[in-house]
Each structure stands twice: as structure tokens, then as C-alpha cells.
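Undergrad: Predicted coordinates and the sequence they were generated for:
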Amino acid sequence: MIHPLLSYGIKGAIWYQGESNRSAPALYGKLFPAMVKQWRQDWEIGDFAFYYVQIAPYSSLKPDETKPQALQLDRFSPYLREYQLRAQQDIPNSGMAVLTDVGSASTIHPPDKETVGKRLSYWALNKTYGKTDIHYSGPVFKSQKLKGSTLVLSFDYAEGLYLRNGVSSNFEIAGKDAVFYPANAVVKDADIHVSSPKVNRPVAVRYAFKSWVEGDIFNKYNLPASTFKTDNWTDNDVFKKDK
């Protein structure tokens, strides 16, 4: 499909990822960077800009639905979003438009395309066209440290960090047993302090790690944070067929 386009000069590419890769997130983590690398080889103009869209939160489940396939896809979704976040580190000269706040629980095709276009344009205008006064990234998890029974999360691009509703229901926290519990989150300066009375010695936090969520971490430029997790644990049921 790309071959007929190779004679065209390009400045860069934007890519709107589809949902069909949800069933194999780890495989996607290999295929997506490989695709970008192949495109760049084919065009022979170097590492041109590649800006892409993270899939928006969405649930395959209808009310009261318990179909195994739908349940499984819903478990895959946050892992795919996390692999898309990782891809920014794996793909030089790339950037991702985060959509954790503009998904739709009822449709796989979220109707708000204007926000998608604007967030892609921020990346292109700043990184490709030198408009450095335009901000392009929401908060990105950087590190965590333990303080008593609280995990303190630090972020890049965190100027004016805030929770949209003052509180968040999107955080979970776990000890070394890898059992996650709903957590309290409090913003202090550019950090988020996460804790739960059920976890005395926490080691990991996950944010917006479900198929359907409404993202609520933003910086002062009203750009949202992606789904993320601070652990390296995987769900064996999700990954046993994902090779």
C-alpha cells in the first residue's frame, strides 16, 4: 500500500491507530516500530517525523455482557495503550497524541476528531516547524519513590499539574503480591502522592489501566497524561497467546 506513494516528497507522517491490534499488545509493541523503520527506509529521506494517535478508551462490553471475547479484549486495551506510550522511546523523532480524556464508552470510533487533529498539530508545529511556544505533551510518568506508605510519582511536562475533578478514581496501587487496590491520589507541586489503607508497603501504581476510563491528569496546558504503569508485571492470561 505504501509503495505507490514513495515518489512523493513528504515532511513527515501522521498515523491514526486502529483497534484491531488490541488482541496482541506485545506483538504490536514490535510491529509498530518495525513499520515506522520500514517506511523510513523505503522513502530514503532519513528519520522523518512520525506522529501518531493513541487509541481512545473504549469498552467492548455492552451492559451486563459477559462474553469471554469481549472481556478479553477489554483486558488487552490498557496494555496496548501502554505499548503505544513506550513507542515514543523506541521510535526516534516521534510523538503521540494522547486521548485518555476524549474516548467514548459506547463507540469504538470516538466522535471528537477536532481534539485529535489539534493534538497532532501541536507535535508537528513545535517539533517539525519550530514553533517552540506551542506545548505538545501532557504529563509523562518519570519515576517513583516510596515515602512511608505512599508512592510519590514524578512527571515530565508537569507544569501546573492538576486533577481535573480535584480527585481521581483512576489510580490503583499494589504491594509486592501484585494485588491492586483503588488508591487515593493527591497532587503536591509537580508530584502525585498515591496511597491506600489496604497497602502498607506499596511497590507499584497503575493509572487509567482499564479499557474504559476518563483521564483526569492534566498539566496547565490542558494536555492529558497517558495510561501508564510503574511495574513490569504482565497479565499471563493476556499474554499467553500474544507472541
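TA: Thanks, I have the structure now.
Undergrad: Only C-alpha atoms from now on, for both contacts and neighbour counts.
TA: Noted.
Undergrad: what's the longest helix along the chain packed up against?
TA: Taking DSSP state H as the criterion, the chain has its longest helix at helix 68-90. The contact analysis (3 or more CA pairs under 8 Å, 6 or more residues apart in numbering; DSSP states H and E) places helix 68-90 against helix 25-43, strand 94-97, strand 228-229, helix 236-239.
Undergrad: Tell me which other helices or strands the shortest one touches.
TA: Contacts of strand 228-229 with other secondary structure elements, assessed using 3+ CA pairs under 8 Å, 6+ apart, are made with helix 68-90, strand 204-207.
Undergrad: Pairing partners for the shortest one, with directions?
TA: Take DSSP bridges as the rule and strand 204-207 pairs in its sheet with strand 171-174 (antiparallel), strand 228-229 (antiparallel).
Undergrad: Give me the mean pLDDT for the longest one.
TA: Pointing back at strand 171-174 there. For strand 171-174, mean pLDDT rounds to 98.
Undergrad: just how off-centre is it within its chain?
TA: Relative to its chain's centre, strand 171-174 lies at 17 Å (CA atoms, centre = their mean, to the nearest Å).
Undergrad: Can you list the buried residues in stretch 200-219?
TA: 201-219 (16 or more other CA atoms under 10 Å).
Undergrad: my bad, should have said stretch 83-99
TA: In stretch 83-99, counting by 16+ other CA under 10 Å, buried: 83-85, 87-88, 91, 94-99.
Undergrad: again with stretch 135-147
TA: So for stretch 135-147, counting by 16+ other CA under 10 Å, buried means 135-141, 144.
Undergrad: What are the boundaries of the strands in this structure?
TA: For the chain, strands defined by DSSP state E occupy the ranges 12-16, 49-53, 94-97, 140-147, 150-156, 162-163, 171-174, 180-182, 184-188, 191-195, 204-207, 217-218, 228-229.
Undergrad: out of these, which comes closest to residue 42?
TA: Among these, strand 12-16 comes nearest to residue 42, with 13.2 Å by CA to CA.
Undergrad: So in that sheet, which strands flank that closest one, and in what orientation?
TA: Sheet pairing of strand 12-16 (DSSP bridges) gives strand 49-53 (parallel).
Undergrad: Quick one: distance of the partner strand to the chain centre.
TA: Worked out by CA atoms, centre = their mean, strand 49-53 lies 14 Å from the chain centre.
Undergrad: ok, residues contacting that strand?
TA: Contacts of strand 49-53 with the rest of the structure, by CA atoms under 8 Å, 6 or more residues apart in numbering, involve 11-17, 36, 93-99, 116, 120, 123-124, 128.
Undergrad: returning to that earlier point: export the strands of the chain to TSV and tack on distance to residue 105?
TA: Output for the strands of the chain, formatted as TSV (distance: least, CA to CA, whole Å):
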stretch	distance to residue 105
strand 12-16	19
strand 49-53	18
strand 94-97	19
strand 140-147	24
strand 150-156	28
strand 162-163	21
strand 171-174	19
strand 180-182	21
strand 184-188	24
strand 191-195	26
strand 204-207	18
strand 217-218	19
strand 228-229	20
